[in-house]
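Chemist: any chance you can model this:
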Amino acid sequence: MDNCFLVTGCGGFIASKLIKELKNDDPNQRIIGIDNFTTGYQDNIPDDIFFYKGDCADRDLLNIIFGKHKISKIFHFAAQSSGEISFDNPEYDLKTNTLSTLYLLDKSVEYEVDQFIFASTMSVYGDANEKASEVHKCNPKSFYGVGKLASENYLSIYKRQFNLNCISLRLFNVYGPGQNLKNLRQGMVSIYLAQLMKSKDIEVHGSLKRFRDLIYIDDVTRIILNLTKWRSFDFDVLNIGTGLKTSVENIILGICNALEVSYKDIKITHPKETLGDINGIYANNERLLESIPMDFIKFDQGILKMVDSVND
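Modeler: Numbers count the residues shown, from 1 in each chain. A predicted model of the protein is given here:
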């Protein structure tokens, strides 16, 4: 079967949205999905893809998939994507985020895959406390960030030594409809939204002055779709962020406005800080905008869309 796209973590927030974007772009595109449902959900997976339940670090499963399908592009989004959770089980984090990447890179060379797009993270930078460009020094504060940075380095070597056309996308804080509101240890926007939808009490693990670069899910999938049109990647890594910083306080204020709740009426408590948390970082996205000119959805618009989707 020719020209299949492989999307790992297909039951997750970003990957499931990406599949819909790919299908909208070409309804006849054959897509293969892998997910072990550690964090993803069966309901997120479209019926018209070839789905394999399993782990991307399972060599036997990869042998079956690559032996049966001719894969032209890989979108590797399967991951344990929480810095905090990575401290619970560093070995699992390494297997899920790094070993799986290495196995997929190996298969990509063996089966002559045309394009490999890897979901990395702004966590590789650590505490930049400023606008970080792709050449900014990386100093991750969590095992999650360490594993993603290791994967980036594997991609760079496979690109130089084996001529694999690949790129690492350093995703900043992605939010939007479909984000998991049940997981209160992953996704700053979704955590605060889930808490405020339940009550007027909210836990903030750290200062309200911390800041993030928030990027709406549709902007992310639009960027990735554009990247699939490129014949080759001229650089190893690419920041996927808006270039705007939003404080934790303004994130909460924006959610309050979307929920029509008075900020003055909520109660904010400050338990201990999250292990490995980053104080602040936002993207220097000059490289992105030079390649893909675009206007980003503002947070006040994006959070309204997210709240409306929950209420539907």
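Chemist: helices of the stretch 151-300 of the chain, start to end?
Modeler: 188-198, 217-227, 248-259, 286-291, 299-311 (DSSP state H, counting those that start in this stretch).
Chemist: and residue 48, how far is that from residue 19?
Modeler: Using C-beta to C-beta, to the nearest Å, residue 48 is found at 10 Å from residue 19. Glycine gets a C-beta too; all of them are placed from N, C-alpha and C.
Chemist: of these two, who's got more company?
Modeler: residue 19 (25 against 12; other C-beta atoms under 10 Å).
Chemist: which of the helices or strands spans the more buried one?
Modeler: Taking DSSP states H and E as the definition, residue 19 sits inside helix 13-25.
Chemist: got the CA positions of that helix in PDB?
Modeler: Extracted in PDB, the C-alpha atoms of helix 13-25 (Å, rounded to 0.1, in the frame of the first residue of the first chain):
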ATOM      1  CA  PHE A  13      -4.700  15.900  21.600                       C
ATOM      2  CA  ILE A  14      -2.400  17.200  18.900                       C
ATOM      3  CA  ALA A  15      -2.000  14.100  16.700                       C
ATOM      4  CA  SER A  16      -5.800  13.500  16.400                       C
ATOM      5  CA  LYS A  17      -6.300  17.100  15.300                       C
ATOM      6  CA  LEU A  18      -3.400  16.700  12.800                       C
ATOM      7  CA  ILE A  19      -5.000  13.600  11.300                       C
ATOM      8  CA  LYS A  20      -8.200  15.600  10.600                       C
ATOM      9  CA  GLU A  21      -6.200  18.400   9.000                       C
ATOM     10  CA  LEU A  22      -4.300  15.900   6.800                       C
ATOM     11  CA  LYS A  23      -7.600  14.300   5.800                       C
ATOM     12  CA  ASN A  24      -9.200  17.700   5.000                       C
ATOM     13  CA  ASP A  25      -6.200  18.500   2.800                       C
END
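Chemist: mind listing what's buried along that helix?
Modeler: 13, 14, 15, 16, 17, 18, 19, 21, 22, 23 (16 or more other C-beta atoms under 10 Å).
Chemist: what's next to it, contact-wise?
Modeler: Identification of contacts with helix 13-25 by C-beta atoms under 8 Å, 6 or more residues apart in numbering yields 5, 7-10, 29, 31, 33, 35, 40, 44-46, 48-49, 75, 77-78, 119, 171, 174, 176, 178-180, 217-218, 220-222, 224-225, 228.
Chemist: so where's the stretch 1-150 of the chain shaky on pLDDT?
Modeler: 1-2, 80-86 (pLDDT under 70).
Chemist: do that again at 50, thanks
Modeler: Nowhere does the stretch 1-150 of the chain drop to pLDDT under 50.
Chemist: mind listing the strands for it?
Modeler: Secondary structure of the stretch 1-150 of the chain (DSSP state E, counting those that start in this stretch): strands at 4-8, 30-35, 50-53, 71-76, 115-121, 131-132.
Chemist: now those strands as JSON lines including distance to residue 108?
Modeler: Listed next are the strands of the stretch 1-150 of the chain as JSON lines, based on distance: least, C-beta to C-beta, whole Å:
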{"stretch": "strand 4-8", "distance to residue 108": "9"}
{"stretch": "strand 30-35", "distance to residue 108": "14"}
{"stretch": "strand 50-53", "distance to residue 108": "17"}
{"stretch": "strand 71-76", "distance to residue 108": "6"}
{"stretch": "strand 115-121", "distance to residue 108": "5"}
{"stretch": "strand 131-132", "distance to residue 108": "28"}
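Chemist: as a markdown table, those strands with distance to residue 202 and mean neighbour count would be great.
Modeler: Output for these, formatted as a markdown table (distance: least, C-beta to C-beta, whole Å; neighbours: other C-beta atoms under 10 Å):
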| stretch | distance to residue 202 | mean neighbour count |
| --- | --- | --- |
| strand 4-8 | 33 | 25 |
| strand 30-35 | 31 | 23 |
| strand 50-53 | 36 | 17 |
| strand 71-76 | 34 | 24 |
| strand 115-121 | 24 | 25 |
| strand 131-132 | 28 | 20 |
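Chemist: indicate which one of those strands is closest to residue 153.
Modeler: strand 115-121 (10.6 Å; C-beta to C-beta).
Chemist: in its sheet, what does the closest one sit against?
Modeler: Applying DSSP bridges, strand 115-121 is found paired with strand 71-76 (parallel), strand 166-171 (parallel).
Chemist: would you format those as JSON lines with distance to residue 109 included?
Modeler: Below are those laid out as JSON lines (distance: least, C-beta to C-beta, whole Å):
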{"stretch": "strand 71-76", "distance to residue 109": "11"}
{"stretch": "strand 166-171", "distance to residue 109": "10"}
